[in-house]
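[1] With the input below, show me the fold.
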Amino acid sequence: MMLLITIITIASAAPLEISIEEKVNTTVTPQEYTTGDGPTFTYTTNVTGYVNITNTGSDPIYDIWIALKLQNITGNC
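    As a prediction, the model looks like this:
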C-alpha cells in the first residue's frame, strides 16, 4: 500500500501546464460577374499557432512529443 501511495505522489509532483494559441487568417477575393447567378469569390484560410508546455514541477522533462495535423483550406463559392 505504501508503494502505491508513493507512485501516485511522484506522478502528481510534476504537473504540466499546456496552452495552445492559433491564428486563423482567411483571404477572400471577389471574382468578376460572368453569369447571372450572383457574385462569386475564392478564399484561402491559413492556420498558424504554437503549443507552450511549462513544467511547473521540480522533475526534469527530457522529451515531449506532440502530434499536430494542420491543413490549409483553399476553395471557391
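[2] how about the residue lying closest to S19 once chain neighbours are set aside, what does it touch?
    Distances taken as CB to CB, 6 or more residues apart in numbering place N52 nearest to S19, at 4.8 Å, with adjacent residues excluded. Where C-beta positions appear, they are placed from N, C-alpha and C, glycine not excepted. N52 makes contact with 18-21, according to CB atoms under 8 Å, 6 or more residues apart in numbering.
[3] Let me know the secondary structure of T34.
    Per DSSP: H, G, I helix; E, B strand; the rest coil, the local secondary structure of T34 is coil.
[4] So what's the residue count around it?
    Other residues within reach of T34, judged by other CB atoms under 10 Å, total 7.
[5] And it, how far from T40?
    Applying CB to CB, to the nearest Å, the value for T34 to T40 is 8 Å.
[6] Could you dump the contacts of N52 into TSV with neighbour count and distance to T45 added?
    Shown next, in TSV, are these (neighbours: other CB atoms under 10 Å; distance: CB to CB, whole Å):
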residue	neighbour count	distance to T45
I18	10	25
S19	9	23
I20	11	18
E21	9	17
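[7] would you list those in a markdown table and tack on secondary structure?
    Formatted as a markdown table, the contacts of N52 follow (three-state DSSP):
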| residue | secondary structure |
| --- | --- |
| I18 | strand |
| S19 | strand |
| I20 | strand |
| E21 | strand |
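[8] any chance of those residues in CSV, with distance to T29 and pLDDT too?
    Formatted as CSV, the contacts of N52 follow (distance: CB to CB, whole Å; pLDDT from 0 to 100):
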residue, distance to T29, pLDDT
I18, 36, 85
S19, 34, 87
I20, 30, 84
E21, 27, 86
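[9] Now for the residue of the chain positioned farthest from its centre: which residues touch it?
    Centroid-distance maximum for the chain: G36 at 40.9 Å, with CA atoms, centre = their mean. Listed by CB under 8 Å, 6+ apart, G36 has no contact partners.
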